[in-house]
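Undergrad: need a 3D model of the following:
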Amino acid sequence: MRLVVLLVLSILSGASSAAPAPVIVLNVNGVIGPATADYFHRGLKRAEKDGAQLLVLQVDTPGGLDTSMRAIIKDILASPIPVAVYVAPSGARAASAGTYILYASHIAAMAPATNLGAATPVQIGGFGGEPGKDKGGNDKPGDTDAGKDAQSKDGQRKDAAEKPKDVPESGDTMTRKMTHDAAAYIRGLAQLRGRNVEWAERAVNEAVSLPASEAVKMHVADLIASDLADLLAKIDGRTFEIQARKLTLNTKDATSVRIEPDWRSQLLAVITDPSVAYILMLLGVYGLLFELYNPGLVLPGVVGAICLLTGLYALQTLPINYAGLGLIIVGIGFIVAELFVTSYGALGVGGVIAFVLGSVMLIDTDVPGYSLPWSLIAIFAIASALFFLTVVGMAVRASKRPVVSGREELIGARGEVIQEADGEWWARVHSETWKVKSAVPLHRGQRIRVNTIDGLVLNVEPESPPR
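TA: So this is what the prediction gives:
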């Protein structure tokens, strides 16, 4: 029995030691932003900690922010384990930023009926026109067919016609700088992974795209896999040299562990949505203003401070235009100043205009999913205008009302003499007993009217001739 038990234990131990290391699977579905970069970074750390042999990033994205894309690519290039980018399921895409990430991966796989490409940088601030065209729609120097043929052996394009140095730069210069930078970036990734360099540059310069079958033929992607199991079976046995050591994949029978975004990643995804960040910032500002107008309520101040800080944190991770943010703050300041300064509406109207312009300029990119909807801007602009009109209207109506309290309210008030004591007269005015004096004699029960106030003594005169 002892021999049998030892034999069984040795068999189980051998089987356990022979079990392949797990494969970690992350899923990115949507725009690539700060939350995506954080999710990938944490997932990669988890894969390292668990001793995974491979990390699979399943993507379906229209693109995203340049800073977030580069953060993901830096993590891939520094990863101690291979990273496979898998464009799936069927019908998915790896457009724009997704194409760069696929080029940076150790393994580039695509499901049937998927596509990638259109990697031209999205223009920021409204510079330029379509790729390869100037503002008038004409071919730019160096982007003509002749220019495309004038390539050096190292893949770098030469302009067919160089612009003279004394010619002023056009408004399209910023777009060309961004495009050339992006082309050099993806070219470096293609050379590092041994993928199609020429097509990578065309994806940036001409915004071309490819379906999965053609991507494999043109050595843009490595393989087509119908699902995750098919992918793991096809890459089984591949060898990679990473950080001066060789790694051979044993993925055919490996266990795949899918890691979903945790609460932190989900919260970051919510608050870094431009619309949510915009709303949080405005709620924070209005909450603090309401607390300042009504000291001691506490709740508006607490909620306002939390919303404002959360909104500002989200905005600092987004590509914001600080001129737009400044206009929003100035606009709110003008609206508030209207409550204290008599400008006959000039400050209020100017504040609403500045608020709307700042909101339009706030998010400094046209990346899909990272723009403020006009409907949201209109809602807050109308709400601010209504607030301004309501408060100003109430202030105007209040200024026209007669004074109902304080020393000023007593001037002209009427009362009745009630008694004389020790040569001093006392009268009842507004249900209060006051010492009064008059230039003419008074008597009990006489109706009087207040002329002036001298300390705590009212100067009065009879309302009717004395009896």
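Undergrad: quick one: low-confidence residue ranges for the stretch 251-400 of the chain.
TA: When the per-residue scores of the stretch 251-400 of the chain are filtered using pLDDT under 70, the ranges that remain are 339, 342, 364-370, 388-389, 391-400.
Undergrad: in it, mark out all the strands, start to finish.
TA: Ranges of strands within the stretch 251-400 of the chain are 256-259, based on DSSP state E, counting those that start in this stretch.
Undergrad: what about the helices in it?
TA: Defined through DSSP state H, counting those that start in this stretch, the helices belonging to the stretch 251-400 of the chain, from first to last, are 263-271, 274-293, 299-316, 322-337, 346-361, 374-400.
Undergrad: can you give me the buried ones in the third one?
TA: Same thing as helix 299-316. Within helix 299-316, the residues that count as buried by 16 or more other Cβ atoms under 10 Å are 300-301, 303-304, 307-308, 310-311, 314-315. For the C-beta atoms, the positions are set from N, CA and C on the backbone; glycine is no exception.
Undergrad: the nearest residue to residue 439 once chain neighbours are set aside: what secondary structure?
TA: In space, residue 439 comes closest to residue 461 once its chain neighbours are excluded; the distance is 7.1 Å by Cβ to Cβ, 6 or more residues apart in numbering. Under DSSP: H, G, I helix; E, B strand; the rest coil, residue 461 falls in the strand class.
Undergrad: circling back: closest one to residue 446 among the helices of the stretch 251-400 of the chain?
TA: Distances from residue 446 to each of those were compared using Cβ to Cβ; the shortest belongs to helix 374-400, at 33.3 Å.
Undergrad: wait, a strand at residue 116?
TA: Yes. The assignment for residue 116 by three-state DSSP puts it in a strand.
Undergrad: before we move on, back to that, okay if I get the helices of the stretch 251-400 of the chain as TSV plus distance to residue 189?
TA: TSV is the format used below for the helices of the stretch 251-400 of the chain (distance: least, Cβ to Cβ, whole Å):
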stretch	distance to residue 189
helix 263-271	25
helix 274-293	28
helix 299-316	28
helix 322-337	31
helix 346-361	33
helix 374-400	37
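Undergrad: how about these, which one is nearest residue 442?
TA: Distances from residue 442 to each of the helices of the stretch 251-400 of the chain were compared using Cβ to Cβ; the minimum, 35.0 Å, belongs to helix 374-400.
Undergrad: point out where the stretch 51-200 of the chain drops to low pLDDT.
TA: Across the stretch 51-200 of the chain (using pLDDT under 70), the flagged ranges come out as 122-172.
Undergrad: show me where it has helices.
TA: Using DSSP H, counting those that start in this stretch, the helices of the stretch 51-200 of the chain run over residues 66-77, 97-104, 145-149, 173-193, 197-205.
Undergrad: and among those, the most buried is which?
TA: Each of the helices of the stretch 51-200 of the chain was scored by mean neighbour count; the highest is helix 97-104, a mean of 28, by mean count of other Cβ atoms under 10 Å.
Undergrad: could you give the separation of that helix from the chain centroid?
TA: Distance, stretch centre to chain centre, for helix 97-104: 22 Å (Cα atoms, centre = their mean, to the nearest Å).
Undergrad: same check, this time on stretch 291-310
TA: Taking Cα atoms, centre = their mean, the mean C-alpha location of stretch 291-310 is offset from the chain mean by 22 Å.
Undergrad: now do the end-to-end distance for that stretch.
TA: In stretch 291-310, first residue to last residue: 18 Å (Cα to Cα, to the nearest Å).
Undergrad: all set, thanks.
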